[in-house]
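Trainee: model this:
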Amino acid sequence: MKSYNLYLFRHGLTKANDNALYIGHTDYPLSTDGVSGLKNIQKLHHYPKVDAVFVSPLRRAVSSAEIMFPKNNKIVIDDFIEYNFGEFEELSANDLKDNEDFKAWLVGDLNARPPHGESNAEFIHRVCDAFEKVVDGCIKTGTQDFAIVSHSGVITTILAAYGLPEAPPAHWTMDAGYGYKLRITPSLWMQGKKIEVVDTSPQSLEELKMEN
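Mentor: As a prediction, the model looks like this:
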């Protein structure tokens with residue numbers, strides 16, 4: 001039984017990222033530096049060739065996917081949108097340092113939520129449900145190489161839930177424009193909903209030359 005290659009990539013930078021703000025559903029575009037940063041990565045490294053690209057509906061993800069995978073059609077998955085930060089949206093940790101709701105939320109309890117936002121449990125359920133449908137669909141259709149371009153919170157949640165080796169979300173943080181290559185073995189996926197994390201991605205051109 002063949003295996004499948006999945007690539008998870010974080011979108012490029014926005015002005016909100018530069019200012020260390022909590023940005024979930026607000027539809028920030030890529031900044032000028034964000035666009036140039038992705039193009040520089042594309043020159044120095046190699047985004048993989050894939051058969052399908054799935055993206056968050058937000059502009060920063062869709063625009064990033066266009067730069068990373070210009071030849072592929074983009075399939076928008078609404079539930080790959082970032083966390084709903086509610087009243088924390090567009091604020092920094094420093095802005096919220098005296099906020100009691102923020103202090104309670106930072107502890108990480110599954111039922112904790114920002115006011116008017118979603119709880120940690122709701123976010124995990126939403127992302128994981130969408131992710132399982134995408135993986136099952138790709139296995140069913142024989143789509144052997146595919147990518148997801150989304151947000152840091154979405155990607156770290158996926159890896160914490162399904163990745164091998166097992167590790168908490170904070171272990172899987174990545175820089176803008178980068179991510180991970182994963183190998184899906186159908187038997188392992190069907191039995192335990194687990195996926196092997198093979199490497200970071202994209203690979204440098206030097207690494208590719210060494211492989212070839």
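
Trainee: just give the number of residues close to the closest residue to G179 other than its chain neighbours.
Mentor: Nearest non-adjacent residue to G179, counting by C-beta to C-beta, 6 or more residues apart in numbering: F9, 3.9 Å away. For glycine as for every other residue, the C-beta is placed from the backbone atoms N, C-alpha and C. Neighbour count for F9, taken as other C-beta atoms under 10 Å: 29.

Trainee: next, the residue sitting nearest the centre point of the chain: secondary structure please.
Mentor: Taking C-alpha atoms, centre = their mean, the centroid of the chain lies closest to I155, which sits 3.2 Å from it. Assigned with DSSP: H, G, I helix; E, B strand; the rest coil, I155 falls in the helix class.

Trainee: need the contact list for the residue nearest to it when sequence neighbours are not counted.
Mentor: Counting by C-beta to C-beta, 6+ apart, I155 lies nearest to L8, which is 4.8 Å off, once chain neighbours are set aside. Counting by C-beta atoms under 8 Å, 6 or more residues apart in numbering, L8 makes contact with A147, I148, S150, I155, I158, L159, G179, Y180, L182.

Trainee: tell me who's in contact with the closest residue to K39 other than its chain neighbours.
Mentor: Among residues not flanking K39 along the chain, I67 sits closest, at 6.3 Å (C-beta to C-beta, 6+ apart). If you count contacts by C-beta under 8 Å, 6+ apart, I67 has them with G12, V35, L38, K39, Q42.

Trainee: tell me the SS of I67?
Mentor: Going by three-state DSSP: I67 is helix.

Trainee: give me the residues contacting the biggest helix by length in the chain.
Mentor: Counting by DSSP state H, the longest helix found in the chain is helix 120-141. If you take C-beta under 8 Å, 6+ apart as the criterion, helix 120-141 is touched by 4, 6, 52, 54, 77-80, 83-84, 108-113, 118, 143-144, 146, 148, 153-154, 157-158, 161-162, 184, 186, 189, 193, 195.

Trainee: how about the helices in this structure?
Mentor: With DSSP H as the criterion, the chain has helices spanning 15-18, 32-44, 59-68, 100-106, 120-141, 152-162, 186-192, 205-211.

Trainee: let's have those in JSON lines, adding mean pLDDT and distance to W172.
Mentor: Listed next are the helices of the chain as JSON lines, based on pLDDT from 0 to 100; distance: least, C-beta to C-beta, whole Å:
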{"stretch": "helix 15-18", "mean pLDDT": "95", "distance to W172": "17"}
{"stretch": "helix 32-44", "mean pLDDT": "95", "distance to W172": "19"}
{"stretch": "helix 59-68", "mean pLDDT": "98", "distance to W172": "17"}
{"stretch": "helix 100-106", "mean pLDDT": "92", "distance to W172": "19"}
{"stretch": "helix 120-141", "mean pLDDT": "97", "distance to W172": "13"}
{"stretch": "helix 152-162", "mean pLDDT": "98", "distance to W172": "4"}
{"stretch": "helix 186-192", "mean pLDDT": "95", "distance to W172": "18"}
{"stretch": "helix 205-211", "mean pLDDT": "54", "distance to W172": "20"}
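
Trainee: many thanks, have a good one.
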